[in-house]
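# Sequence and predicted structure are below.
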Number of protein chains: 4
Amino acid sequence: MDAHDAALRERVCELCRHLYALGWASGTGGGFSLRDGDRIYVAPSGVQKERLRPEQIFVVDLEGRLLSAGQGVGLRISACTPLFLHAYRQRGAGAVLHSHSLNACLASVVFGRTFRVRGLEMMKGIEGAQADQVHEVPILDNTPHEHELADALAEAIATHPQSHAVLVRGHGAYIWGRDWVHAKTQAECYDYLFAAAVRLHELGLDPARLDRRLGHSGGEQGRQP
Amino acid sequence: MDAHDAALRERVCELCRHLYALGWASGTGGGFSLRDGDRIYVAPSGVQKERLRPEQIFVVDLEGRLLSAGQGVGLRISACTPLFLHAYRQRGAGAVLHSHSLNACLASVVFGRTFRVRGLEMMKGIEGAQADQVHEVPILDNTPHEHELADALAEAIATHPQSHAVLVRGHGAYIWGRDWVHAKTQAECYDYLFAAAVRLHELGLDPARLDRRLGHSGGEQGRQP
Amino acid sequence: MDAHDAALRERVCELCRHLYALGWASGTGGGFSLRDGDRIYVAPSGVQKERLRPEQIFVVDLEGRLLSAGQGVGLRISACTPLFLHAYRQRGAGAVLHSHSLNACLASVVFGRTFRVRGLEMMKGIEGAQADQVHEVPILDNTPHEHELADALAEAIATHPQSHAVLVRGHGAYIWGRDWVHAKTQAECYDYLFAAAVRLHELGLDPARLDRRLGHSGGEQGRQP
Amino acid sequence: MDAHDAALRERVCELCRHLYALGWASGTGGGFSLRDGDRIYVAPSGVQKERLRPEQIFVVDLEGRLLSAGQGVGLRISACTPLFLHAYRQRGAGAVLHSHSLNACLASVVFGRTFRVRGLEMMKGIEGAQADQVHEVPILDNTPHEHELADALAEAIATHPQSHAVLVRGHGAYIWGRDWVHAKTQAECYDYLFAAAVRLHELGLDPARLDRRLGHSGGEQGRQP
């Protein structure tokens, strides 16, 4: 483990602590991975994400072949790995995270097959999105085992090229970016949008029908039909 | 107090600080206990859990006989001790915690005699639970004194072998696991489920009727009858 | 400033930081005071409570006469001082705090002239309260200037001997205890009850009609008439 | 960079970390600026606000002319700069911040063209506001690009001399004060009011019709017509 490798492992641990602090990785859920050239750094499965240590990180290549196993009794690589790899290969992502945020979970249950939002400034933080147009995030049905999601995720990524996230029903979200900073930023923006949309839905407003301008009625906007 | 004993005491203190940070132990409520062989480490009663010191921890055996008293003026062992002991004896638990989380309290008031949830990924964090099937947690009536709950808790543990938690109405939850890591993990998963279920209930959805797949209606799911 | 005096000043600062961390003292609001014999330590008015320094603390006697002024340009003693003094004199309190918690504020707006709660375990943290009986906290009308509240607070304290708190409409709460630990504990319990009551009210349940036991209907409890 | 200049840069970084901790600057959103004589210190655009370093801060004069560029590859000055400058010039502000708080965003969507509140003590933290009278904050339509807001903001500042904040629909708020302490205080008070107003609206109460006194009905107040 040289200094560069050590720094990448520590970065994964640091970001997993950040996810835990945000409430996205409680109960060993969620996780963060990043890519360095052809090496993907991934956390182990079923481990407290806020207490990860650098030597516990696994390294695989873009086909998922093990390059370096995490050190620890009974450690297995994250079951999210096949899902992470799709975002790395299909989008050239530099980092992919998995969030168990309650906001993502609630949004995935409340909003059918597609999460839609319009008119919120935080959409501008999503690469390629514009606040004036509806932004869509696909919502996949969940599966009994996490690796079984991989095909559906690959298809959703292919059919929603404008999205940097995929929601999974009753589960959470996969979110990616160019590098760890960008993935973290995309994830914070998406989580804000999930939270806002659920709150607006509770308030009787449709988050896909908001407008940055107030309508002619002079009253509230986005009222659900 | 040898190094092993000291480490276990410090672990109880650390986990009590964690519970406080999560909002599960405000106002001296809640607490964490763990087992080392036949020795059960338990916090004192009515003390600020985020400021516990190792020497204040009590040690009892599996029958509740005092092995070592916590040091401090007027310290009494936690009133939860008889309840903790049932989980240790009936389930072979390695750690048992008591949470005063508002999520647990609200779930215990809203959901009758049994908390039921289905279709949420965080259920997979509960040992033995499957997200496709309804998971049940019994809800006990509360009692004027905490030790009076013990018989009802013993019966609920016996009649709900699939649950790793018992809710108490208007009060909170008792949650256990194989060791402190597992108990903490179970508790974080359950708390997420309690929070999600109350929010979904507020949104007009029945948390026991969620499906990991979206139904044929193409719309929202779990609508209450 | 001897070591004892310095420790008391530092305690007030530490507790003001704690109040800020809990969200009870944002925007310079809220504050903590404590009594040592006939000396009352009080924070200055209109200062960021999370950045208080020991030399900024004022000391007055039980009649409010200045014993030691806080050091700093333009510092004035907290406008809450006359209110704190009533709790010290009428109840023999050892510490009194003022919370601007949003939970307290919302409860004070939603629940008329009296806050009533029953059936919640956290009530047992309130000295003298029993979870089986309705516990009442008076809600005062607010006044344009904080010191004008003093007479109404004195009367409310006199007429509600079982309460350790007074709510002020649209404002927050005054809460006290035997010493700083007890005042902090009472405040954490009350804040939990305020939060729970508002959430239960939103869920269509009356927090004054909860029962620790589930009624014969086998369904939800406390349904509003 | 002398010691005085270094301290101002560090202050901007510290306050950006504070905004992030409060949830007002997630996903690189939000930001803090302050004035020292004719020098305005501003954070760069699109950078993680909780990880800013002093050398990354830009300095401009009151007309927005660059005095010192932030050091870093591809750094651009915050797109909020023209908006900040209006508050500095029109109000003589000493510090101006931009918040992406979800509370501000929701309030801006729910409350039409003007945010109105009455009867809440935290209003007294707003310079010049009185809790007995309705306090108004203008809500601007959002624009595709942040700098396009500048004219509308200038007009809103001119027509609402009593307000220390401007809300932007689906976006957040601009808030200012005499110096960094005052701007932070105003912002914490406003955010509390935004949060309270949205919660009260959810509870069926009109935040513009609250009274510090309970009405003759003896029941709840501010009921929406």
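Happy to help now that I have it.
# Next up, phi/psi of residue A:112, please.
phi 60, psi -130 (degrees, to the nearest 10).
# Residue A:16 sits in which helix or strand?
helix A:3-21 (DSSP states H and E).
# Now do that helix: distance to the chain's middle.
17 Å (C-alpha atoms, centre = their mean, to the nearest Å).
# Repeat that for stretch A:99-114.
Between the centre of stretch A:99-114 and the centre of its chain there are 11 Å (C-alpha atoms, centre = their mean).
# Also stretch A:38-55?
Mean-position distance between stretch A:38-55 and its chain equals 16 Å (C-alpha atoms, centre = their mean).
# Give me the three-state assignment for the closest residue to residue A:113 other than its chain neighbours.
Spatially, and ignoring its direct neighbours in sequence, residue A:113 is nearest to residue A:139 (5.5 Å; C-beta to C-beta, 6 or more residues apart in numbering or on different chains). Backbone N, C-alpha and C define where each C-beta goes, glycine included. Put simply, residue A:139 is strand when judged by DSSP: H, G, I helix; E, B strand; the rest coil.
# Contacts (any at all) between chain C and the lengthiest helix in chain A?
If you go by DSSP state H, chain A has its longest helix at helix A:180-202. No: interface with chain C: helix A:180-202 contributes nothing (C-beta under 8 Å from any C-beta of the partner chain), its closest point being 10.1 Å away.
# Check which helices and strands that helix is in contact with.
Applying 3 or more C-beta pairs under 8 Å, 6 or more residues apart in numbering or on different chains; DSSP states H and E, one finds that helix A:180-202 makes contact with helix A:3-21, strand A:31-36, strand A:95-99, helix A:102-110, strand A:114-117, strand A:165-168, strand A:172-177, helix D:102-110.
# can you redo those as TSV with mean neighbour count?
Shown next, in TSV, are the helices and strands packed on helix A:180-202 (neighbours: other C-beta atoms under 10 Å in any protein chain shown):
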stretch	mean neighbour count
helix A:3-21	17
strand A:31-36	26
strand A:95-99	29
helix A:102-110	26
strand A:114-117	21
strand A:165-168	27
strand A:172-177	27
helix D:102-110	26
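# For chain C, what's the nearest residue on chain A?
As assessed by C-beta to the nearest C-beta, chain C sits closest to residue A:202 within chain A, at 10.1 Å.
# Local confidence estimate at that residue?
Listed pLDDT for residue A:202 reads 95.
# close enough to count as contact, it and residue D:201?
No: under the criterion of C-beta atoms under 8 Å, residue A:202 is not in contact with residue D:201, lying 11.0 Å apart.
# Can you pull the residues that touch both of those two?
Residues within reach of residue A:202 and of residue D:201 at once, by C-beta atoms under 8 Å, 6 or more residues apart in numbering or on different chains: there are none.
# circling back: contacting residues for the residue lying closest to the residue of chain A closest to chain C once chain neighbours are set aside?
Closest residue in space to residue A:202, ignoring its immediate chain neighbours: residue B:203 at 6.4 Å, by C-beta to C-beta, 6+ apart. Going by C-beta under 8 Å, 6+ apart, residue B:203 touches A:106, A:110, A:198, A:201-202.
# Kindly report the same for residue A:149.
A:83, A:140, A:142-143, A:168.
# and with 7 Å instead?
Contacts here follow C-beta atoms under 7 Å, 6 or more residues apart in numbering or on different chains; on that basis residue A:149 touches A:83, A:140, A:143, A:168.
# Distance of the first one relative to chain D?
The gap separating residue A:83 from chain D is 22 Å, by C-beta to the nearest C-beta, to the nearest Å.
# Repeat that for the third one.
Here residue A:143 is placed at a distance of 29 Å from chain D (C-beta to the nearest C-beta).
# Helix or strand for that residue, just tell me which one.
Counting by DSSP H and E, residue A:143 is part of no helix or strand.
# ditto for residue A:151
helix A:150-159.
# Leaving out sequence neighbours, find the closest residue to residue A:138.
residue A:156 (4.2 Å).
# tell me, how many neighbours does residue A:63 end up with?
Residue A:63: 9 surrounding residues under other C-beta atoms under 10 Å in any protein chain shown.
# Look up phi and psi at the residue nearest to it when sequence neighbours are not counted.
Leaving aside its sequence neighbours, residue A:63 sits nearest to residue A:85 (C-beta to C-beta, 6+ apart; 7.6 Å). With angles defined as degrees, to the nearest 10, residue A:85 sits at phi -60, psi -40.
# Give me the contacts around stretch A:182-200.
Applying C-beta under 7 Å, 6+ apart, the contact partners of stretch A:182-200 are A:15, A:95-97, A:99, A:101, A:103-104, A:106-107, A:110, A:117, A:120, A:122-123, A:125-126, A:164-165, A:173, A:175-177, A:207, A:222, D:26-28, D:102, D:105-106, D:109.
# Between residue A:202 and residue D:201, which has more neighbouring residues?
More crowded of residue A:202 and residue D:201, by other C-beta under 10 Å: residue D:201, with 19 against 15.
# that older thread, burial count for the residue nearest to residue A:113?
25.
# Could you check how far the nearest residue to residue A:86 once chain neighbours are set aside is from residue A:32?
Among residues not flanking residue A:86 along the chain, residue A:154 sits closest, at 4.7 Å (C-beta to C-beta, 6+ apart). For residue A:154, the distance to residue A:32 (C-beta to C-beta, to the nearest Å) stands at 20 Å.
# same deal with residue A:80?
Between residue A:80 and residue A:32 the distance is 10 Å, computed by C-beta to C-beta.
# same question, residue A:211
The gap separating residue A:211 from residue A:32 is 35 Å, by C-beta to C-beta.
# do residue A:67 as well
Counting by C-beta to C-beta, the gap from residue A:67 to residue A:32 is 18 Å.
# quick one: contacts for residue A:208?
Residues in contact with residue A:208, defined by C-beta under 7 Å, 6+ apart, are A:116-118, A:134.
# Columns distance to residue A:160 on top of these, output as CSV?
Listed next are those as CSV, based on distance: C-beta to C-beta, whole Å:
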residue, distance to residue A:160
A:116, 12
A:117, 14
A:118, 16
A:134, 12
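# Please identify which of the residues you listed is nearest to chain D.
Chain D has its nearest neighbour among these in residue A:118, at 8.8 Å by C-beta to the nearest C-beta.
# follow-up on the earlier one: name the residues of the longest helix of chain A that are buried.
Of the residues in helix A:180-202, A:180, A:182-201 count as buried by neighbour count, 16 or more other C-beta atoms under 10 Å in any protein chain shown.
# Equivalent analysis for stretch A:118-129, please.
Using 16+ other C-beta under 10 Å as the test for burial, stretch A:118-129 gives A:118-126, A:129.
# Go ahead and confirm residue A:25 touches residue A:49.
Yes: counting by C-beta atoms under 7 Å, residue A:49 is a contact partner of residue A:25 at 4.1 Å.
# Those two - which one has more neighbours?
residue A:25 (29 against 26).
# contacting residues for the more buried one?
A:16, A:19, A:31, A:49-50, A:100.
# And for residue A:158?
Residue A:158 neighbours (C-beta under 7 Å, 6+ apart): residue A:90.
# Relative to residue C:150, how far out is it?
Look at residue A:158 and residue C:150: by C-beta to C-beta, they are 69 Å apart.
# Distance check, the residue nearest to residue A:63 against residue A:160.
Separation of residue A:85 from residue A:160 (C-beta to C-beta) stands at 18 Å.
# Compare these two and say which is more crowded by neighbours.
Neighbour totals were compared for residue A:85 and residue A:160, and residue A:85 leads with 24 against 15 (other C-beta under 10 Å).
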